[in-house]
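Show me the folded form of this:
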Amino acid sequence: ECGDGEDAIDVVRVHEERGGDLRRLVEEMLPAARVLAGADGTELLASVDDVLEYLESYSRSMPGAVPSLRRKLDEIAGSNGELLRVSRDGRVPPQPYHESLLTKLGGKTALERAVAMLEVATDHPDSRSDGFVQLPEA
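Reported below is the predicted structural model:
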């Protein structure tokens, strides 16, 4: 896995060893990312290949970096919750692979935390932050 612990791999190896999984995840999440990015994401989010190329280039800029699973789980509601919200709102297809990975990496509580964010956003629409996607400077 690409998180904390003995089995952790660095971000470059994620592309080399788990490229198929990464592609599948990007394919599933891309429609939601496009909704969240709006017009600002048109160029970077044009295709799955464009996103994967950007991610790999970014990863290769910091060889040896290992993503922190603990940190990601702490941020799960804001990032994953926003992406899942777009699907659960019916604006894009469901994200079953994304949800299964959250459960696999963080347990059932990880998915529950991401979904809890959805419930708060639904109850308080002003708390939604459709602009959370950070795009590189042109």
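
so where do the helices sit in this structure?
Ranges of helices in the chain, per DSSP state H, are 11-17, 19-37, 48-60, 69-74, 76-88, 96-123.

ok now do the residue nearest in space to the middle of the chain, which residues does it touch?
Central residue check for the chain by Cα atoms, centre = their mean: the C-alpha nearest the mean position is that of Asn80, 5.6 Å away. Listed by Cβ atoms under 8 Å, 6 or more residues apart in numbering, the contact set of Asn80 reads 98, 102, 114. Backbone N, C-alpha and C define where each C-beta goes, glycine included.

So it versus Gly64, what's the distance?
25 Å (Cβ to Cβ, to the nearest Å).

How about Thr103?
Distance from Thr103 to Gly64, counting by Cβ to Cβ: 29 Å.

So between those two, which is more surrounded?
Between Thr103 and Gly64, counted using other Cβ atoms under 10 Å, the more crowded position is Thr103 (15 against 8).

how near is that one to Arg71?
As it turns out, when the distance is counted by Cβ to Cβ, Thr103 lies 18 Å from Arg71.

next one: Arg13
Arg13 sits 19 Å away from Arg71, going by Cβ to Cβ.

next one: Arg18
From Arg18 across to Arg71, the span is 19 Å (Cβ to Cβ).

More neighbours: which of those two?
Neighbours per residue (other Cβ under 10 Å) separate Arg18 from Arg71, with Arg18 holding more: 15 against 11.

Distance check, the more buried one against Ser87.
On the measure of Cβ to Cβ, Arg18 and Ser87 end up 23 Å apart.

show me where pLDDT drops low in this structure?
Using pLDDT under 70 as the threshold, the predicted model of the chain has low-confidence ranges 1-6, 117-138.

swap the cut-off to 80 and go again
1-7, 40-42, 67, 72, 76-78, 115-138 (pLDDT under 80).

on that earlier part again, so which of the helices of the chain has the densest surroundings on average?
Sort those by mean neighbour count, taking mean count of other Cβ atoms under 10 Å, and helix 76-88 sits at the top with a mean of 21.
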